[in-house]
Structures are given as structure tokens and as C-alpha cells.
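[1] Pasting the sequence and the predicted model now:
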Amino acid sequence: MALDSLKSSHPIKVNVKNTNELDELFDEIAYSKGGSILRMLDLYLGEKSFREGLRDYIKRFLYLNAEAKDLWSSLKSVSDKPVVKIMQSFINQVGFPKVKVELRNNVIDLEQSRFLFEKGDADLKQKWIIPYHLGNGRGLDGTNLLDKKEMKIETTGDIEYINLNKNYSNFFITDYAKDLLRKLGQNIQFLNDQEKLGMIHDLFALILTGKKNLSELYQYIDIYYAGEKSSVVLHYLIAKLTRINLLAGDDISRKLATLLSNRALGKVGYEPQKSEAVVDTYLRSTALSSLSLFEDNDAKEFINKKFTQYLKEERSLHSDLRAVVYSSSVSFSDENYSIIKNFYMDSEVQEEKVKMLMALGYTRNKKLIKAALKFSLDKEVPFAFLPYAISSIAKNPQAKEIAISWFVETWPLLLQRAGGLANMLLRRILQVIVPICGVGREKEVEVLLSKNTPQGLARSIDQALETLRVNSRFANKNKMSN
């Protein structure tokens, strides 16, 4: 959704004007949004109708060529619902909707508009046919369509809460009135993991537009997610708060991330367990990374112990802990930088080399940060590995200023080295370094990229610069001195 929240986004279905556009169009919009729209349609139609429609489509076009509209027609024929109109509104139009929800005198007011991080010349007449699933804990529970700019729904009796996006499967941002948002929080025990994630996602998205305050998110997490036990939800919250801290550098995000990370480790433990769920593995790694970033004493002691044991016996370190132990060890001690770099040079396992290369970027020493950036272009580092090296440096709070200076100096060289054949790698570098590290250097970065825009990267550059502007506005509004 983040990419599709930009003015520089594009529809899923695009008329290609020249071949240089092709690479840029096979992005998150084509794949992730496309899959999300199908998921939305699945919930709206119901599993039975959706599967019957797929069977009808496959049967009718067996050994034949088909178009997207043929699938929509099959789904429409078995469900008797306006599938074609729904899909046309989401596939042919750029962007996606925001649905504003208010409650007045037992009447629910819904209003749709295009969601954008930045105000732009969006078509005010733009409208989607939006499936939504309205639940309120009082029997009002069903799938409906918002096919107008505004709609009123009359209800009877007291409403405990309103949840407009069941399973967070519909492709829109929900902007709840303050009292409705509070009621949803008070009934959070009735929401599943996807819906809990959706609440935080949508609230933060609205904060990025400048229409809500970051303090609202912190209060919401502190009050309503205080007893959260789900590994999926905890992982999302920790990652979100850690990223916020990277931009704002504030004390509240650090404290909340530390609190939730310690709770997460209390749930899954520091050591990997036999046959544990994958989500628990991810949660442990994310929690340890966050605690290491904020120099938590217990996490630091654990990391140092595991790394010391690893130096004595390589097999002592579980594979699921290696990435976080490598990176945190480099962060804690300058001596470990050269150790990990030597291991990178000696290793013949590509997966291990990637983990070690990324670990170098977490050093807090400015000289070593520069050394890591220089090494990323060394002959010992394949060009395909460059995004891995840069991504970790971009997440390092001590490296942001150095990283953007390196980018400004090196971007023309990267274009030359790529030779027009590695736009996917260059796009990834733009995405990870410009929106975060460019905060405070916006004009300089914009001038650089305007003078160095190769064919096939124009849209990616526009997206990176727009995201940078969004992040800069957020950082300037919320930055606090520590």
C-alpha cells in the first residue's frame, strides 16, 4: 500500500508507451496489489463461489488464450455479483481508497476518497466500488458494497464497535472517527491478528499524511496492545516502532519497542526451540535486533556470550541466530568488524556471506561505516550483493549522514557500473537509502537524481523522492532531542 499511496504510483493495468517502462511496471503494484485485490474478491464472493468461478474459467479457456476480463466474467456468472465493475475500479484506476467512518444518532456515515501521503491534483471524482464487511458486535455482520462517494447506514440500538475491514482483506485505509477508534480498541479481544495489524497500519498511514499525530499511535499501542501475546502482532509492532525511531529518534518509540521486545523474548525465549513456529523465529530475531539497537543490557550480554562461543566453536551458534548475532556483535565492538569481514572473505556459503556482509553495516564507528561502504564496491563483493550491504547501513542511525554522502558521490558510478542492465538492483538501492538517509538533504538528492536519470528508472526515482518528502515531513514534525 505504501507505494500505491504516492502520486507517482500507477494502475495495475497500464498501457506501455515504450519498452523502457517495462521493468518499472513489474513492481509491488503489479504483484502485491494484484494479489491483495484477488484476496479481497475471495472474501467478498465467499470461498465456494470464488472456487467455482475459477473452475469455470479454467474449463472454458482450457488450452486457449484468455484475458483478465474473462476471469472476472466467470466469477460474475457464478456469483451474480458485480465482479467486473469492482475489478475495473481497482485495476484500471491509479491508487486506492480511504474510507472515512463516522457515527451520528445511530447512522453510520461512510465517505470514500483517494488515499495519498501528499496532497496532489487527485481526481476528486475518482470513485471505487468497494467491498467491505461491516461488523459491530451486535448482529450487524455482513459483506456489502460502497459504490457511491458517500453512504449512510441506519442502525438500531447501541453499537459496541464498528469494524469495517474483516480479516483486513479489503484494499482500503479506514479512517475511523476518534470515538469509533477508541471503541475498537476497547473491544480488541474480538479482533483477529490481521485486524489488529490493520488498525496500526491504517493509523500510522494517516499519521504520515499529517492528519493525525504520532502521540495517538503511541497511546493506542500503550493502552490497547499492552497485553498482546500474538507473535505476528508483536513482530509487526516492534518492527514499526523501531522504524519510527530511525526517522524520529524519539524516546517513546524506543521505550515501547524495548518493552514489547522484552515481552516477545519472554514469550519465545532467547534460544531457538525445536520445531518452533516460523513466526516465533522471526519474532525472536526482530526483538533481539531492536534491543541491540537500543543497547539493552540483557540482550547485549546474550549476544556477546553467543558470539564468544561461536569464535570457539562455529557449530555452537544456531543458524536462526546468526544474522542478529553477527550484526549486533559488530555494533557492540569495533574489533568484531574485522573478524566478521575476515569470515566473509573465507566463507564459501553464499547465505553466510550475505549475513556477514550485512552485519558490517551495523557498526557505530564512523570510520568503519565508511570502510563498509567502500568494501561494498570491492571486487570481493558481487554487484548483486550491493543492496544487502546498503540496506543494513540505511537502518543504522549512526550511518545515515555518511550513507547519503556516499550515495551522492557514488550514484553516477553505480549507473556506469550497471551499464543499463541492473535496474532492478539500482531500484532497490534507491528504495532503501534515499527515503531514510536523505532526510535533511532533500534538495541535494533531488538535484543529483534529476541530472542522473537513466532510462527505465524515471518512475522509481520519482517514487523514492516522493517517499523522501513524506518521511522528511514526518521526521521534522516528530523529531525529538534525546
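    In hand now; what should we look at?
[2] switch to C-alpha atoms for all contacts and neighbour counts from now on
    Noted.
[3] Relative to Ser9, how far out is the nearest residue to Leu468 once chain neighbours are set aside?
    Nearest residue to Leu468, sequence neighbours excluded (CA to CA, 6 or more residues apart in numbering): Pro435, at 4.0 Å. Per CA to CA, to the nearest Å, Pro435 is found 16 Å from Ser9.
[4] More neighbours: which of the two?
    Taking other CA atoms under 10 Å, Pro435 and Ser9 do not tie; Pro435 has more neighbours (22 against 18).
[5] Next up, the contacts around the more buried one.
    Shown in contact with Pro435 (CA atoms under 8 Å, 6 or more residues apart in numbering): 464-465, 467-469, 471.
[6] Could you pick out the buried ones from the residues you listed?
    Among these, those buried by neighbour count (16 or more other CA atoms under 10 Å) are 464-465, 467-469, 471.
[7] any chance of the residues you listed in TSV, with pLDDT and distance to Phe343 too?
    Shown next, in TSV, are the buried ones among the contacts of Pro435 (pLDDT from 0 to 100; distance: CA to CA, whole Å):
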residue	pLDDT	distance to Phe343
Ala464	95	34
Leu465	96	37
Thr467	96	36
Leu468	97	35
Arg469	96	39
Asn471	97	36
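[8] where in the protein is pLDDT low?
    19-23, 121-124, 137-141, 420-421, 480-482 (pLDDT under 70).
[9] repeat that with 50
    For the chain, applying pLDDT under 50 flags the ranges 481-482.
[10] Domain ranges for it, per the record?
    Following automatic domain parsing, the chain resolves into domains at 3-91, 97-219.
[11] To Ile390, which of these lies closest?
    Between Ile390 and those, the tightest spacing by CA to CA is seen for domain 3-91, at 20.1 Å.
[12] Pull up the distance across the closest one, start to finish.
    15 Å.
[13] And stretch 206-224, by the same measure?
    End residues of stretch 206-224 are separated by 19 Å (CA to CA).
[14] in the protein, which spans are strands?
    97-104, 107-114, 130-135, 141-146, 150-154, 173-176 (DSSP state E).
[15] mind listing what Ile390 touches?
    With CA under 8 Å, 6+ apart, Ile390 has these contacts: 358, 361, 373, 376, 429, 432-433.
[16] ok, now how distant is the residue nearest to Leu468 from Tyr224?
    30 Å.
[17] Next up, the contacts around Met340.
    Careful, residue 340 is Ile; it's not Met. 326, 330, 356, 359-360.
[18] ok, and the most crowded of those?
    Going by other CA under 10 Å, Leu360 tops the contacts of Ile340 with 33 neighbours.
[19] Quick check: that one vs Tyr337, distance?
    Counting by CA to CA, the gap from Leu360 to Tyr337 is 6 Å.
[20] Give me the common contacts of the two.
    Joint contacts of Leu360 and Tyr337 (CA under 8 Å, 6+ apart) are Val330.
[21] Output the contacting helices and strands for the lengthiest helix in the chain.
    Counting by DSSP state H, the longest helix found in the chain is helix 458-478. Counting contacts by 3 or more CA pairs under 8 Å, 6 or more residues apart in numbering; DSSP states H and E, helix 458-478 is packed against helix 193-208, helix 231-248, helix 423-437, helix 442-451.
[22] will you turn the ones you listed into CSV that also has distance to Asn262?
    Output for the helices and strands packed on helix 458-478, formatted as CSV (distance: least, CA to CA, whole Å):
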stretch, distance to Asn262
helix 193-208, 20
helix 231-248, 10
helix 423-437, 26
helix 442-451, 36
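[23] Give me the distance between the two termini of stretch 223-241.
    15 Å.
[24] ok, and for it, which residues are buried?
    For stretch 223-241, by 16+ other CA under 10 Å, it's 224-225, 228, 231-241.
[25] what's the most distant pair in these?
    Among the buried residues of stretch 223-241, Tyr224 and Ala239 lie farthest apart (CA to CA), at 17.8 Å.
[26] what's stretch 419-430 in contact with?
    23, 384, 386-387, 390-391, 414-415, 418, 454-457, 460-461, 464.
[27] of the residues you listed, closest to Tyr161?
    Ala464 (38.0 Å).
[28] Go ahead and confirm that closest one touches Val434.
    Yes - the criterion here is CA atoms under 8 Å, and Ala464 meets it with Val434 at 6.3 Å.
[29] Ok, which of the helices and strands packed on helix 458-478 comes nearest Gln88?
    Among the helices and strands packed on helix 458-478, helix 193-208 sits nearest to Gln88 (CA to CA), with 24.1 Å.
[30] what comes up buried for the closest one?
    Buried, per 16+ other CA under 10 Å, within helix 193-208: 193, 195-208.
[31] Give me the distance from it to the chain's centre.
    11 Å (CA atoms, centre = their mean, to the nearest Å).
[32] How about stretch 32-44, which residues are buried there?
    Counting neighbours by 16+ other CA under 10 Å, the buried set in stretch 32-44 is 33, 36-38, 40-44.
[33] Cross-reference those with the helices and report the matches.
    Going by DSSP H, the helices hold 36-38, 40-44 from these.
[34] Could you find which two of those residues are furthest from each other?
    Ser36 and Tyr44 (12.4 Å).
[35] Which residues does Met151 form beta bridges with?
    Leu110 (DSSP bridges).
[36] Contact partners for Thr155?
    106-108.
[37] Go again with 10 Å.
    103, 105-108, 140 (CA atoms under 10 Å, 6 or more residues apart in numbering).
[38] contacting residues for Ser285?
    235, 261, 265, 270, 272, 291, 320-325.
[39] what's the distance between it and Tyr270?
    9 Å.
[40] Now do the shared contacts for those two.
    Leu321.
[41] Direction-wise, compare the longest helix of the chain with helix 193-208 and give the angle.
    Counting by axes from the mean of the first three to the mean of the last three CA atoms, to 10 degrees, helix 458-478 lies at 80 degrees to helix 193-208.
[42] got the CA coordinates for stretch 94-101 in PDB?
    C-alpha atoms of stretch 94-101 as PDB (Å, rounded to 0.1, in the frame of the first residue of the first chain):
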ATOM      1  CA  VAL A  94      -4.300   4.500 -10.000                       C
ATOM      2  CA  GLY A  95      -4.200   4.400  -6.200                       C
ATOM      3  CA  PHE A  96      -6.800   3.000  -3.800                       C
ATOM      4  CA  PRO A  97      -9.400   4.500  -1.500                       C
ATOM      5  CA  LYS A  98      -9.600   5.800   2.100                       C
ATOM      6  CA  VAL A  99     -13.000   5.200   3.800                       C
ATOM      7  CA  LYS A 100     -13.900   7.700   6.400                       C
ATOM      8  CA  VAL A 101     -16.300   6.300   9.100                       C
END
